[in-house]
Structures are given as C-alpha cells and as structure tokens.
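Asks: Show me how the following folds:
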Amino acid sequence: MDQADAIVVGGGLSGLTAAAELADRGKSVIVLDQEPRHFLGGQAFWSLGGLFMIDTPEQRRMGIKDSPELALNDWMGSAQFDRPEDAMPRKWAEAYLDFAAGDMRPWLHKMGHRWFPVVGWAERGGSFADGHGNSVPRFHVTWGTGEGIVEQFARRCLEHEKAGLITFKFRHQVDRIEMENGAAKGVSGTVLADDTALRGHPTNRDVVGDFSLRSPSVIVTSGGIGGNFEMVRKVWPTDRLGPAPKEMVAGVPAHVDGRMIAISETAGGHVINGDRMWHYTEGVKNWDPIWPAHGIRILPGPSSMWFDATGNRFAPPNLPGFDSMTSLREILSTGYDYSWFVLTQKIIEKEFALSGSEQNPDLTSKKWLEVIKARLLSGGGAPKPVEAFKEKGEDFVVANTLEELVQGMNNIAEGDLIDADKLRSQIEARDSQVDNPFTKDAQLMAIHAARNYRGDRLVRVAKPHKILDPKNGPLIAVKLHVLTRKTLGGLHTDLDSRMIGADGHVVPGLFAAGEVAGFGGGGYHGYNALEGTFLGGCIFSGRNAGRSKSIA
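Replies: Prediction:
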C-alpha cells in the first residue's frame, strides 16, 4: 500500500520547492533527509541568495537594458553546447530563460521574496560578445540572502506539514530506490541516530534502524558532489582543465556527498556531462570553519592584481570576476594549485565581498539600518566579516611595504617563489597607467567600463588609484585556493524532471531536480555558469517536478 503520492529525497531548495508545489495540488508527500530537521534548506541556506533574472524592475531602476534575446545570446555563448546529449539541457536552458524573463520574479515576489536594489554584475565574460559572460548585470541578491530564499519555501512546506499533506522524516538515509517492472515503487534505507550538531557541521552516521516506504513517484533532490573531494577528483576533466588540485577547500558542507547519484543510476537513471563542473578560483580558508576544509569564496571587484604562484601577472580574460573556468585552467597550467591577489586597503574596502549568508549578516538580517552601518558607515574599513578575514585569515598578508608583503607571501607559500623586484616592476607598470583616463592596460579598461554602471561605481568598484602609493595602503596579498562548489552535469531529465535512462526512455516514477540533475536536464549550464543560475535552477527544476502531470 502506498504511503504517499510522492517521496522527495532531500530537503534542500529543490526538494522543498517540489514538495510545496505537490502539496499545493493536494498531493501527499514524504520528504526524507539524512540530516536533522534544523538543516532544512540544505546548501542553499548558506548561499548569498543570488538569482539570475531578466529585465526586472531592479535592473531598469539601475539603468540596465536587458532582454530575453540578449540573455539567450549570453547563455548559449557561455554554455557552448557541443554534445548529442546536450539536446535536453538546451531545452531546459531555453525554458529557464523564459521563466527568468517571465513568471519567476512575480511568482517569487507574491511568495514574499524581495531583492537588494543594486543588481550585481557577475561573470563579466571572456572578451567576445558571442562568448562567455553576462553582457549586463543580472545577479539579484535576495533580501535575507540564502536564508531568505529558503525561508519562504520552508514556510510553505511547514504549513502543509501542519495540514497533514507533507510528512518530514529526518535522519533517514536512502540506500535504495525500489523498482518493480522498471517503475519506481518507493525507497528503503537506514535510520540514523539523532544529532544536535550545529547546522552545517558534520553529523554522525550511527545506524539505529531501517525503513521502507512505498510511493509510485520518487523525486531525487539530493544535491551535488562538492563536499566529496574523492568524487570531485574522480570526474575531474584533466584534458580540459588540467590536473585536479592537490589541495582544495570546500565551499559546501560535508553532507553534499553525491551518494544518491549512484543509487539513482542503479534504479535506471543516467548521468550525462559528469565531467562538467563549476569550482571557484578565489577560495580562502575559513578562519572560523563550520564544515571540514571549509572555504569561503571572495566575490571580487575588478581591481585586484592577479598573479600566479611564481609572481607572474595573469593575462586577460583572467581578471577578477570575469571568466571562472578559463582562469581555473590557467592557474592549473602553471603547475601550482593556487594564485595571489595583490591589492590595497582602498580596494578591499569597496570591492571585497564574501559569499555566503553567514558572511553577510547585514543583508541576511533584512534590516536596512544594518546594511547602511556595515557598508556606508563602516568608519573607513571593509565590512566586518571581510576585516575579520584580513586580520585572522591564514591566507591574508598585510604590510606597509612591498618587500614586507612579498616576505609574508613567501612565508605562507613556504618557499621563495615570489621575487620582490619582479613583482614591483609589474605593479609599477600598471600604476603608470592611472594618471590618465586613457590606458592600454586591459584591466584598467575594465575598471573604467565597470564604473560606467552606477551600481558598481556606488558600492562595488574602487576609483582607480596607484597600488604602490602609501596613502592607499596598507598593501594586502591574498592566497587563493580552488574552492569546490557545483556539479554542472547530472541525471538526465525531461522538462517534467522525469529521469531518462541510458536507453533514452523515461523511467516511470523516477524524477530528479536541482543540482543532482545538473539543475535541469543533466546540465543546463553547459560548460559555464552565468551565476544566480544555481538557486534559480533548483527552484525551476523543483517546480517542474512538483507540477508534473505524471504525478497524478
């Protein structure tokens, strides 16, 4: 006897979205998660809460002219779809763009979401209009950050829980999807002991029982593999990106372990584009870690000078915030798995942001007074979380002279790879271009262009200045690690989020949404992401699963 109309495996953003949509239709839903109740919302809770949307009131107020046609050109130039199995991911991409330009904002607004008025300009591109990157700012930071994103979907699900339509079963780890005659019939697995660990911390895997639940529809929304370094290295595309880093930091908690991927494949699902991934080059070790190898991504403005491990300045398009995958490949081609930013106090004050809800307490608080105090009335310093990393982070060097800075950099790297004279000559060459509004330095051109956007000029991009002028100091260097984050490929699905098997046919009763499905179709990003498309893809694919007519 079936115990629910649908079982959702995973209580993250895509799972909550699917469950809420199903319950809105009057369907009974069981949501299973291997973590405790207070982990509800999964990885999305820790995010900055950015959403890729098109031609919004926020954009128009900031003087941004966007359109579905421009967004489609940007997406396809970034995705670079080139495989036969990209047919369905391409359809998902086109459907998401329609959603992002249409129903997305009014639907979320009605639900209670709001956005910071300054739209961010992420992934600015790789130099060509028909290539990778956002032609205009599209990164809408949700008021409340990741917590604010999760809040409204969790609220809907908890209301349905009170009404008896949704049942949550936490500490339930699915080990098997039960299949009969090629169709899903439920799940079975292990009950884990209760755990009171703080959200995001590792939890125990002590077995206290087992379970078996029946349902004609199973929706897998278990996330990606970013917390599992072994799995990341196993699928790393060495031919395309170079060798996997020997040292990485984790941008996601340990429970983002990828274990449901193989379980779904055993049941008949099929992973495509498993070699496509999205890891950041600007990771720093968290001085106050929550999960193992906890890293935080610096969201940089365009002004920091970027050098490889031996002190050579990277060439465009390897500029901060422009082309993540090209920069990752360039870093790994040096034979080292880290790089350096060199900047000034003036740059860090205006341009450094840290990814994550916990690193942006002002935006997370949803209180304008906190935002004003943190970002406009900070007394000349950077926001407090950034200053804390500058003071306490092991990857940060602060010095009054370049010689002292280089000594600190070499101490951290445990070698004498950086030569002070060589570094000075490169910085002086760049500084020589600051006195005029004209320049042949591509990075300074990018800074001037960025400051034409009033959002960047107000809160994101520092006025060009000489890095070696003491009045702009102190000097700062930051060692940057590769930070694991997103799985771009995943379980192949159709536009109803139904899993597609290796034979190209839909697997009856099996669905996947969110990162485990490559955010839609098995990889709707292609090779590159435009940012704000991870949370957006979780919401969109979860919504499609919850609204699927196949769940009767």
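Asks: Do a quick rundown of the helices in the stretch 151-300 of the chain.
Replies: Using DSSP state H, counting those that start in this stretch, the helices assigned to the stretch 151-300 of the chain run over residues 229-235, 238-241, 259-266.
Asks: could you dump the ones you listed to CSV with mean pLDDT?
Replies: Formatted as CSV, the helices of the stretch 151-300 of the chain follow (pLDDT from 0 to 100):
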stretch, mean pLDDT
helix 229-235, 97
helix 238-241, 96
helix 259-266, 98
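Asks: closest to residue 72 out of those helices?
Replies: Closest approach to residue 72 among the helices of the stretch 151-300 of the chain (C-beta to C-beta): helix 238-241, 24.6 Å. C-beta coordinates here come from the backbone N, C-alpha and C atoms, glycine included.
Asks: quick one, strands of the stretch 1-150 of the chain?
Replies: Taking DSSP state E, counting those that start in this stretch, the strands of the stretch 1-150 of the chain run over residues 6-9, 29-33, 50-52, 139-141.
Asks: Looking at those strands, which is nearest to residue 169?
Replies: That would be strand 29-33 among the strands of the stretch 1-150 of the chain, by C-beta to C-beta, at 5.1 Å.
Asks: I'd like to know how many residues surround residue 65.
Replies: Using other C-beta atoms under 10 Å, residue 65 has 10 neighbouring residues.
Asks: Give the full set of residues in contact with it.
Replies: For residue 65, the contact set (C-beta atoms under 8 Å, 6 or more residues apart in numbering) comprises residue 136.
Asks: Tell me how far it lies from residue 532.
Replies: 18 Å (C-beta to C-beta, to the nearest Å).
Asks: Grab the nearest non-local neighbour of residue 325.
Replies: Excluding its sequence neighbours, the residue lying closest to residue 325 (C-beta to C-beta, 6 or more residues apart in numbering) is residue 528, at 5.6 Å.
Asks: what's the spacing between the one you found and residue 171?
Replies: Residue 528 is 37 Å from residue 171, where distance means C-beta to C-beta.
Asks: Just say helix, strand or coil for the closest residue to residue 248 other than its chain neighbours.
Replies: Closest residue to residue 248 apart from its sequence neighbours, by C-beta to C-beta, 6+ apart: residue 482 at 5.0 Å. Under DSSP: H, G, I helix; E, B strand; the rest coil, residue 482 falls in the strand class.
Asks: Is residue 482 in contact with residue 278, as I believe?
Replies: No: assessed by C-beta atoms under 8 Å, residue 482 is found out of contact with residue 278, at 11.4 Å.
Asks: So for the two, which sits in the more crowded spot?
Replies: Using other C-beta under 10 Å as the criterion, residue 482 and residue 278 rank with residue 482 on top: 26 against 21.
Asks: how near is that one to residue 329?
Replies: 11 Å.
Asks: Quick one: residues contacting residue 538.
Replies: 12-14, 17, 44, 513-515, 519.
Asks: Mind picking out the helix or strand in this protein with the poorest mean pLDDT?
Replies: helix 368-375 (a mean of 77; mean pLDDT, DSSP states H and E).
Asks: pLDDT on stretch 454-465, on average?
Replies: Mean pLDDT, stretch 454-465: 93.
Asks: list the buried ones in that stretch?
Replies: Buried residues in stretch 454-465, counting neighbours by 16 or more other C-beta atoms under 10 Å, are found at 455-456, 459-462, 464.
Asks: now swap in stretch 413-421 and tell me
Replies: By 16+ other C-beta under 10 Å, the buried positions in stretch 413-421 come out as 413, 418, 420.
Asks: ok so, going back, what's the most buried one of the strands of the stretch 1-150 of the chain?
Replies: For these, ranked by mean neighbour count under the definition mean count of other C-beta atoms under 10 Å, the leader is strand 6-9 at a mean of 29.
Asks: ok, residue 111 - how many residues close by?
Replies: Neighbour count for residue 111, taken as other C-beta under 10 Å: 13.
Asks: check contacts around it.
Replies: 152-153, 156.
Asks: make it 6 Å
Replies: When contacts are counted by C-beta atoms under 6 Å, 6 or more residues apart in numbering, residue 111 touches residue 152.
Asks: Next one, pLDDT for it please.
Replies: pLDDT, residue 111: 98.
Asks: which one is residue 177 nearest to, not counting chain neighbours?
Replies: In space, and not counting its chain neighbours, residue 177 is closest to residue 267: 3.9 Å by C-beta to C-beta, 6+ apart.
Asks: wouldn't the one you found be in contact with residue 178 here?
Replies: No: between residue 267 and residue 178 there is no contact under C-beta atoms under 6 Å: 8.3 Å.
Asks: These two: who's more crowded?
Replies: Shown here are residue 267 and residue 178; by other C-beta under 10 Å, residue 267 has more neighbours (22 against 17).
Asks: Would you check how far apart the residue nearest to residue 177 and residue 220 are?
Replies: Counting by C-beta to C-beta - residue 267 and residue 220 are separated by 9 Å.
Asks: quick one, phi psi at residue 511?
Replies: phi -130, psi 160 (degrees, to the nearest 10).
Asks: For the remainder of this discussion, apply numbering that starts at 711.
Replies: Sounds good: first residue 711 from here, last item residue 1221.
Asks: So what pairs up with the nearest residue to it once chain neighbours are set aside in the strands?
Replies: Spatial nearest neighbour of residue 1221, excluding adjacent residues (C-beta to C-beta, 6+ apart): residue 929 at 4.1 Å. Here residue 929 sits in beta bridges with residue 718, residue 1221, going by DSSP bridges.
Asks: How about residue 722?
Replies: Applying DSSP bridges, one finds that residue 722 bridges with residue 751.
Asks: Which entry within the buried residues of stretch 1123-1131 corresponds to the minimum pLDDT?
Replies: residue 1123 (94).
Asks: how about it, phi and psi?
Replies: According to degrees, to the nearest 10, residue 1123 has phi -80, psi -10.
Asks: For it, which residues are in contact?
Replies: With C-beta under 6 Å, 6+ apart as the criterion, no residue contacts residue 1123.
Asks: where does this protein dip in pLDDT?
Replies: For the chain, residues meeting the criterion pLDDT under 70 lie at 1085-1090.
Asks: which residue sits farthest out from the middle of it?
Replies: Ranked by distance from the centre of the chain (C-alpha atoms, centre = their mean), the top residue is residue 711, with 40.0 Å.
Asks: on that earlier part again, of the strands of the stretch 711-860 of the chain, which approaches residue 786 most closely?
Replies: Proximity to residue 786, assessed across those by C-beta to C-beta, is greatest for strand 760-762 (14.3 Å).
Asks: Quick one: list the elements packing against the closest one.
Replies: strand 849-851, helix 1243-1256 (3 or more C-beta pairs under 6 Å, 6 or more residues apart in numbering; DSSP states H and E).
Asks: Straight-line length of stretch 779-798, end to end?
Replies: Taking C-alpha to C-alpha, to the nearest Å as the measure, stretch 779-798 stretches 20 Å from start to finish.
Asks: same deal with stretch 727-740?
Replies: 13 Å.
Asks: which residues sit against that stretch?
Replies: 714-718, 741, 863, 866-867, 870, 875-877, 929, 1223, 1249, 1252-1253, 1255-1257.
Asks: Buried subset of the residues you listed, written for ChimeraX?
Replies: Buried members of those, defined by 16+ other C-beta under 10 Å, are picked up in ChimeraX with:
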select :714,715,716,717,718,741,863,866,867,870,875,876,877,929,1223,1249,1252,1253,1255,1256
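Asks: And the strands in the stretch 1111-1260 of the chain?
Replies: Using DSSP E, counting those that start in this stretch, strands in the stretch 1111-1260 of the chain cover 1185-1197, 1200-1201, 1208-1210, 1216-1222.
Asks: about what we covered before: show me which of the contacts of residue 1248 is closest to residue 779.
Replies: residue 1229 (22.2 Å).
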